[in-house]
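In: sequence below, structure please.
(one chain, ligands or ions: 2)
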Amino acid sequence: MTVRLPPSTPGMTIGLFGGSFNPAHAGHRHASLLAMRRLRLDRVWWLVTPGNPLKDNSRLPALQARIGAAEKIAAHPRIAVTGFEAAINARYTVETLRWLQAHRPSVRFVWLMGADGLARFHEWGQWRAIAGMIPIAVVDRPGAAFAAFAPAALALADSRIPERDAALLPSLPPPAWTLLHGPLSPLSSTALRRTPKM
Ligand SMILES: Nc1ncnc2c1ncn2[C@@H]1O[C@H](COP(=O)(O)OP(=O)(O)OP(=O)(O)O)[C@@H](O)[C@H]1O
Ligand SMILES: O=C(O)c1ccc[n+]([C@@H]2O[C@H](COP(=O)([O-])O)[C@@H](O)[C@H]2O)c1
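Out: Ligands and ions are numbered 1, 2, ... in the order given. Model (predicted):
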């Protein structure tokens with residue numbers, strides 16, 4: 001199967017924002033733009049997952065439907081939406097990253113996630129290997145202030161860099177991570193799924 005990736009050029013810095021996007025919302029866009037600005041990223045790619053291994057995906061809408069809806073929300077020339085993890089048969093993020101680093105070795109990737117993601121990061125497959133492969137930027141999120149004290153955050157405390165140095169993060173050798181604060185978006189897919197449709 002041909003794997004179609006968004007365009008990139010050698011030396012680019014690209015934030016990888018993985019998610020279920022069930023559905024995508026303005027909070028995803030807000031976090032992407034905040035990270036793009038603070039890390040001085042050239043692009044952000046939304047990786048629409050075929051299914052988060054920690055979630056019950058039995059009611060997850062089809063990948064193409066989630067991608068189509070995400071493209072409408074992203075609506076930004078420097079945000080690309082892709083579902084390529086399905087095409088490479090990657091279920092775990094560590095597999096995605098290995099594939100990307102093998103196929104786009106000249107691109108500097110940074111993993112982006114909301115603070116709730118950091119809170120459960122220690123449950124991910126090979127999370128320590130992930131932290132050793134790619135710099136990570138965590139975007140604060142309402143209700144997730146405790147994430148700074150989550151098991152992975154404590155385990156990786158020595159490799160946390162000050163937020164004021166965020167622009168350096170894409171060029172730092174991993175493990176390296178930072179927590180980005182700023183205006184928060186209270187939006188969530190869970191809340192949207194609960195909103196009755198008119
Ligand atoms: N409002 C937000 N602020 C910061 N990060 C966010 C926000 N909403 C989602 N994210 C982050 O976006 C990534 C993808 O999230 P996801 O698609 O699961 O959306 P979600 O709103 O968290 O969904 P759900 O409520 O179903 O868990 C995750 O890293 C998540 O932490
Ligand atoms: O690799 C893992 O074990 C793993 C466990 C949980 C989540 N992830 C990834 O984290 C991203 C956020 O997922 P979600 O469902 O919280 O939006 C998405 O890219 C998932 O594939 C990855």
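In: tell me which residue in this protein sits closest to ligand 2.
Out: Gly18 (2.0 Å; C-beta to the nearest ligand atom). Glycine gets a C-beta too; all of them are placed from N, C-alpha and C.
In: helix, strand, or coil at that residue?
Out: strand (DSSP: H, G, I helix; E, B strand; the rest coil).
In: okay, now it: neighbour count?
Out: The number of residues packed near Gly18 is 19, by other C-beta atoms under 10 Å.
In: wait, does the longest helix along the chain make contact with ligand 1?
Out: The longest helix of the chain (DSSP state H) is helix 26-39. Yes. Applying C-beta under 6 Å from any ligand atom, one finds helix 26-39 in contact with ligand 1 at Gly27, His28, Ala31.
In: just among those, which is most surrounded?
Out: Ala31 (28 neighbours).
In: hmm, that residue is touching Ala115, no?
Out: No. Between Ala31 and Ala115 there is no contact under C-beta atoms under 8 Å: 9.7 Å.
In: so what's the nearest residue to Asp42 once chain neighbours are set aside up against?
Out: Excluding its sequence neighbours, the residue lying closest to Asp42 (C-beta to C-beta, 6 or more residues apart in numbering) is Met12, at 4.5 Å. Neighbour list for Met12: Asp42, Arg43, Val107, Arg108 [criterion: C-beta atoms under 8 Å, 6 or more residues apart in numbering].
In: give me every residue in the chain lying close to ligand 2.
Out: 18-20, 47, 49, 52-55, 92-94, 117, 124-125.
In: mind running it again at 8 Å?
Out: Proximity of the chain to ligand 2 is confined to 17-22, 47, 49, 51-55, 85, 91-96, 113-114, 116-117, 120, 123-127, 130, 189 under the rule C-beta under 8 Å from any ligand atom.
In: smallest gap between this structure and ligand 1, at which residue?
Out: Per C-beta to the nearest ligand atom, the residue of the chain with the smallest distance to ligand 1 is Gly114, at 2.1 Å.
In: now that residue, which residues is it bridged with?
Out: Counting by DSSP bridges, Gly114 is bridged to Val139.
In: on that earlier part again, save the residues of helix 26-39 next to ligand 1 as CSV, and put in pLDDT too.
Out: Listed next are those as CSV, based on pLDDT from 0 to 100:
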residue, pLDDT
Gly27, 98
His28, 98
Ala31, 98
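In: may I see these arranged in TSV, with distance to Arg78 as well?
Out: Below are the residues of helix 26-39 next to ligand 1 laid out as TSV (distance: C-beta to C-beta, whole Å):
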residue	distance to Arg78
Gly27	18
His28	14
Ala31	14
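In: can you map out the helices along the protein?
Out: Remark: helices assigned in the chain by DSSP H are 26-39, 63-74, 84-87, 93-103, 115-119, 127-133, 151-155, 189-194.
In: where are the low-confidence patches of this structure?
Out: The model of the chain has pLDDT under 70 over residues 1, 197-198.
In: please name the nearest non-neighbouring residue to Leu47.
Out: Spatial nearest neighbour of Leu47, excluding adjacent residues (C-beta to C-beta, 6+ apart): Gly18 at 4.2 Å.
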